[in-house]
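*Asks:* fold the following, please.
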Amino acid sequence: MELIEGWQTLLQVDILLVLALGVLVGLMLGALPGLDATVGISLLLPITYALSPLNALVFFTALYSAAVFGGSITAILFRIPGSTEAIMTAVEGHHFTARGEAAQALGIAVLSSAIGGLVACVGLYLATPILAEAALRFGPAEYFALGVLGLSCISSISGGSQLKGLAAGLIGLLLGTVGLDSLTGAKRFDFGTTVLLNGIPLVPASIGLFAASEVLRRVLQRDTDLVRTAPGAPQRRIVLALPRIADFLRLRWVVLRSSVVGLFIGILPGAGATTAGILSYSLQSKLSRDPAGFGKGKDEGLAAPEAANNAAAVGAMIPLLSLGIPGSATTAVLIGAFMIHNLQPGPMLFVREPELVYGLFAGMTVVNVVIIALAFLLVRLFARLALLPYPVLATGILSVCVIGSLAYGDADAAMVMLVFACIGLALEAGGYPLAPVILGLVLAPIIEVSLRRALIMEDFDIVAVVSQPLAATILFAALALLVGPWISRAVLALRAGRRGDTRPASNQGD
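*Replies:* Now for the predicted structure:
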């Protein structure tokens, strides 16, 4: 009954207009490097005073979901993730654009994102109390194991050399120790600047590592062709084309599985949609019949992270609404919108404001449909940028990179972005993948803090920490994912060697 009332509350002209506006703003913020959902909600929070509680919350949740997808537009077109959630999309998606298949990639991305969000909405409707309670069972040992599981993804996102991928991941882990020690308050590697006291800011670092370094690489190598076409062939228009039903049915299990993974990761406080996208990408590469195709423009590698990160954005709302615990940085900022209207997220919200809660549920469902409609408009806008001369485009991209970095601090944040641009340029020149660096940077605080807290709780007995049933299961899965590719290659090489030994022997007998 409450669900029906929620839909009746949502289906009003003013609320639907606010929802569409939130999607449009979110798509544009997500597509611009640095201006993600967290920044957008922070900047626009004052407008909450002029809106009703439901209008304000529908606007911000629409902005949040749309911004997570918006980052994939520039990730696919320019290999520049507009938001950190689109990092794996940039790794996989730009290969489509280079082949002249940007329309196909954008279609897969938007449909996977929408379905991932809708699947997560089903979980939001049916399993909010159950899933939130399950998330509370995760203690420090389980979070440590989850972080190690995330690190095992390095073998899937390293491209050619897994050793270089591991080295890049260790660099990320080392960078993740910068800043104040969260347990003792000691300063670590801050270099006398205040911007590093809270650690290396993730958004300026990812902007520099992927966006700015990509521009510098193209300028230095004079590689100004975003789309490679045969000599004399007409330039294809970059649009958004939804995949055919037969093509998408082939990806149905990929999208469904990644949506469930993203939903659960999103529920875990602090894990975030970025982690969900990386984990789902890694999982799909292990389950794929053609794992060698990942990182070269593969449909599965694009659909998996897009479904997962949008599902994680919805999943992050579950602990917020049911327990009052923010599931991500964006939902932590979103608490401000609740407080302005004297609303306290948590179990009592379902009792005191059921129409608002279920109206919000209905709004998050409609958002994923509206994203598909408005994505057609926005893709055409950004596609026109690809027609500009590259020096002009590069100047604009670098300007947006600087502005996006400044949104996270003072001039020091822009310096962090430029330093990481140089790091990214040097790593790519040496053949080191960039994604493991960001992975290590994201997971380092989770792993370090969770391990130290678990050790304190167990009197520094590491065996007691890793032998807890759930933690041990996750760690075993992480070990299998990490060493699995090496074992598989060793077995294949051994079999090939045996076949090579038997063939000459038979020839000698002839």
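
*Asks:* where does pLDDT dip in the stretch 351-500 of the chain?
*Replies:* Applying pLDDT under 70 to the stretch 351-500 of the chain flags residues 382-388, 390, 407-410, 481, 484-486, 488-489, 492, 498-500.

*Asks:* show me where it has helices.
*Replies:* Remark: helices assigned in the stretch 351-500 of the chain by DSSP state H, counting those that start in this stretch are 354-385, 390-406, 411-429, 435-457, 462-466, 469-509.

*Asks:* pick the most buried one from the ones you listed.
*Replies:* helix 435-457 (a mean of 22; mean count of other C-beta atoms under 10 Å). Just so you know, the C-beta spots here come from the backbone N, C-alpha and C atoms, and that holds for glycine as well.

*Asks:* so after the helix or strand bottoming out on mean pLDDT in the chain, what's the next helix or strand?
*Replies:* Across the helices and strands of the chain, the lowest-confidence element by mean pLDDT, DSSP states H and E is helix 154-157, at a mean of 60. As assigned by DSSP states H and E, the chain's next helix or strand after helix 154-157 is helix 162-175.

*Asks:* list the buried residues for that next one?
*Replies:* Of the residues in helix 162-175, 162, 164-169, 171-173, 175 count as buried by neighbour count, 16 or more other C-beta atoms under 10 Å.

*Asks:* report the distance from that helix to the chain centre.
*Replies:* 19 Å (C-alpha atoms, centre = their mean, to the nearest Å).

*Asks:* how about stretch 361-371?
*Replies:* 20 Å.

*Asks:* check the gap between residue 462 and residue 394 for me.
*Replies:* Using C-beta to C-beta, to the nearest Å, residue 462 is found at 49 Å from residue 394.

*Asks:* cool, and residue 279?
*Replies:* From residue 279 over to residue 394 (counting by C-beta to C-beta), the distance is 33 Å.

*Asks:* same check, this time on residue 439
*Replies:* On the measure of C-beta to C-beta, residue 439 and residue 394 end up 27 Å apart.

*Asks:* for residue 285, same thing?
*Replies:* In terms of C-beta to C-beta, residue 285 sits 32 Å off from residue 394.

*Asks:* quick one: contacts for the closest residue to residue 451 other than its chain neighbours?
*Replies:* Counting by C-beta to C-beta, 6 or more residues apart in numbering, residue 451 lies nearest to residue 144, which is 4.5 Å off, once chain neighbours are set aside. Shown in contact with residue 144 (C-beta atoms under 8 Å, 6 or more residues apart in numbering): 446-447, 450-451, 454, 465, 471.

*Asks:* right, and residue 24 touches residue 374 too?
*Replies:* Yes: between residue 24 and residue 374 there is a contact under C-beta atoms under 8 Å: 5.7 Å.

*Asks:* now the common contact residues for the two.
*Replies:* With C-beta under 8 Å, 6+ apart, residue 24 and residue 374 have common neighbours residue 66.

*Asks:* can you spell out which helices and strands pack onto the helix or strand harbouring residue 261?
*Replies:* Here residue 261, judged by DSSP H and E, is contained in helix 252-267. Contact here means 3 or more C-beta pairs under 8 Å, 6 or more residues apart in numbering; DSSP states H and E; on that basis helix 252-267 packs against helix 102-136, helix 272-287, helix 299-315, helix 317-323.

*Asks:* please identify the most buried of these.
*Replies:* It is helix 299-315: most buried of these by mean count of other C-beta under 10 Å, with a mean of 33.

*Asks:* which residues touch residue 65?
*Replies:* 23, 26, 117, 310, 313-314, 364, 367-368, 371.

*Asks:* quick one: secondary structure of the residue lying closest to residue 336 once chain neighbours are set aside?
*Replies:* Nearest residue to residue 336, sequence neighbours excluded (C-beta to C-beta, 6+ apart): residue 45, at 5.4 Å. At residue 45 the chain is in helix, as set by DSSP: H, G, I helix; E, B strand; the rest coil.

*Asks:* what is the neighbour count of residue 45?
*Replies:* Per other C-beta atoms under 10 Å, the neighbour tally for residue 45 reads 16.

*Asks:* that one contacts residue 335, doesn't it?
*Replies:* No: counting by C-beta under 8 Å, residue 45 does not reach residue 335; the two are 10.5 Å apart.

*Asks:* which two of the contacts of residue 144 have the greatest separation?
*Replies:* 446 and 465 (14.7 Å; C-beta to C-beta).

*Asks:* and the pLDDT for residue 510?
*Replies:* Note for residue 510: predicted pLDDT of 38.

*Asks:* in contact with residue 309, which residues?
*Replies:* So residue 309 contacts 68, 85-86, 113, 116, 262, 273-274, 276-277 (C-beta under 8 Å, 6+ apart).

*Asks:* any idea how far it is from residue 429?
*Replies:* 29 Å.

*Asks:* pull the distance from the helix or strand residue 217 falls within to the chain's centre.
*Replies:* If you go by DSSP H and E, residue 217 is part of helix 213-221. The chain centre lies 24 Å from the centre of helix 213-221; the measure is C-alpha atoms, centre = their mean.

*Asks:* ok, now stretch 4-19?
*Replies:* 29 Å.

*Asks:* could I get that stretch in CSV with only the CA atoms?
*Replies:* These are the backbone C-alpha positions of stretch 4-19, laid out as CSV (Å, rounded to 0.1, in the frame of the first residue of the first chain):
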residue,chain,number,x,y,z
ILE,A,4,1.4,2.6,-4.4
GLU,A,5,1.0,5.8,-2.4
GLY,A,6,4.6,6.6,-3.1
TRP,A,7,4.0,6.3,-6.9
GLN,A,8,0.9,8.5,-6.6
THR,A,9,2.9,11.1,-4.7
LEU,A,10,5.7,11.0,-7.3
LEU,A,11,3.5,11.3,-10.4
GLN,A,12,2.9,15.0,-10.1
VAL,A,13,4.0,17.5,-12.7
ASP,A,14,6.3,19.6,-10.4
ILE,A,15,8.0,16.6,-9.0
LEU,A,16,8.6,15.0,-12.4
LEU,A,17,10.1,18.3,-13.7
VAL,A,18,12.4,18.5,-10.7
LEU,A,19,13.5,14.9,-11.3
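
*Asks:* of all the residues in it, which ones are buried?
*Replies:* 6, 9-10, 15, 18-19.

*Asks:* which pair of these spans the longest distance?
*Replies:* 6 and 18 (15.7 Å).

*Asks:* quick one on the thing from earlier: in the helix holding residue 261, which residues are buried?
*Replies:* So for helix 252-267, counting by 16+ other C-beta under 10 Å, buried means 254-255, 257-267.

*Asks:* tell me how far residue 77 lies from residue 123.
*Replies:* 31 Å.

*Asks:* now swap in residue 52 and tell me
*Replies:* 27 Å.

*Asks:* next: residue 246.
*Replies:* 28 Å.

*Asks:* do the same with residue 289
*Replies:* In terms of C-beta to C-beta, residue 289 sits 28 Å off from residue 123.

*Asks:* cool, residue 398 as well?
*Replies:* 40 Å.

*Asks:* many thanks, I have nothing further to ask.
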